[in-house]
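[1] Need coordinates for the below:
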Amino acid sequence: MTVCIYPLLAENFPTEIRFTGVAVCYNLVYALTSLIPLLVNFLYNVFSYKITVLLLLLSIALISLASSFFIKDYTGKQMLD
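    Numbers count the residues shown, from 1 in each chain. Predicted coordinates for the structure are as follows:
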């Protein structure tokens, strides 16, 4: 499932800043997603509702979906049909 992320990241940046852009995005996302279990545990302890955890994960999914519409294409080919 994660095989598609590497070409997508490489094509998302112009060649002048490709290595820096890929490194920043890759490491920043993994640093932030490592905090999700702590956030889920905090929300569950504060609100005591399982729906808050579901809403958090749903909001992350919607942010990911919305951001997929703003991907720029630097190769001259259409990336998403």
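[2] number of nearby residues for Leu32?
    Neighbour count of Leu32, defined by other CB atoms under 10 Å: 10. (Glycine included, C-beta is placed from N, CA and C.)
[3] residue contacts, it?
    With contact set as CB atoms under 8 Å, 6 or more residues apart in numbering, Leu32 has no partners.
[4] just checking, Val22 touches Phe13?
    Yes: with contact defined as CB atoms under 8 Å, Val22 reaches Phe13; the gap is 6.5 Å.
[5] quick one: pLDDT of the residue lying farthest from the centre of the chain?
    Distance from the C-alpha centroid of the chain, by CA atoms, centre = their mean, peaks at Ser48 (27.1 Å). You'll see Ser48 listed with a pLDDT of 80.
[6] ok, it to Phe42 distance?
    Taking CB to CB, to the nearest Å as the measure, Ser48 falls 12 Å from Phe42.
[7] just Ile5 next, same as before
    28 Å.
[8] can you check Leu8 too?
    The value you get for Leu8 to Phe42, if CB to CB is used, is 31 Å.
[9] Show me where the chain has its helices.
    In the chain, the helices defined using DSSP state H lie at 5-11, 18-33, 36-47, 50-67.
[10] among the ones you listed, which is the most enclosed?
    helix 5-11 (a mean of 14; mean count of other CB atoms under 10 Å).
[11] helices and strands around that one, which ones?
    Secondary-structure packing of helix 5-11 (3 or more CB pairs under 8 Å, 6 or more residues apart in numbering; DSSP states H and E): helix 18-33.
[12] The helix it packs on versus helix 50-67: what angle between them?
    170 degrees (axes from the mean of the first three to the mean of the last three CA atoms, to 10 degrees).
[13] May I have helix 18-33 as PDB, with CA atoms only?
    The C-alpha trace of helix 18-33 is given here as PDB (Å, rounded to 0.1, in the frame of the first residue of the first chain):
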ATOM      1  CA  ARG A  18      13.000  17.500  -4.800                       C
ATOM      2  CA  PHE A  19      15.300  15.900  -2.100                       C
ATOM      3  CA  THR A  20      14.500  18.500   0.500                       C
ATOM      4  CA  GLY A  21      10.800  18.500  -0.200                       C
ATOM      5  CA  VAL A  22      10.500  14.700   0.000                       C
ATOM      6  CA  ALA A  23      12.700  14.500   3.100                       C
ATOM      7  CA  VAL A  24      10.700  17.200   5.000                       C
ATOM      8  CA  CYS A  25       7.300  15.800   4.000                       C
ATOM      9  CA  TYR A  26       8.200  12.200   4.700                       C
ATOM     10  CA  ASN A  27       9.800  12.900   8.100                       C
ATOM     11  CA  LEU A  28       7.200  15.500   9.300                       C
ATOM     12  CA  VAL A  29       4.300  13.200   8.500                       C
ATOM     13  CA  TYR A  30       5.800  10.300  10.400                       C
ATOM     14  CA  ALA A  31       6.700  12.500  13.300                       C
ATOM     15  CA  LEU A  32       3.100  13.800  13.500                       C
ATOM     16  CA  THR A  33       1.400  10.500  13.000                       C
END
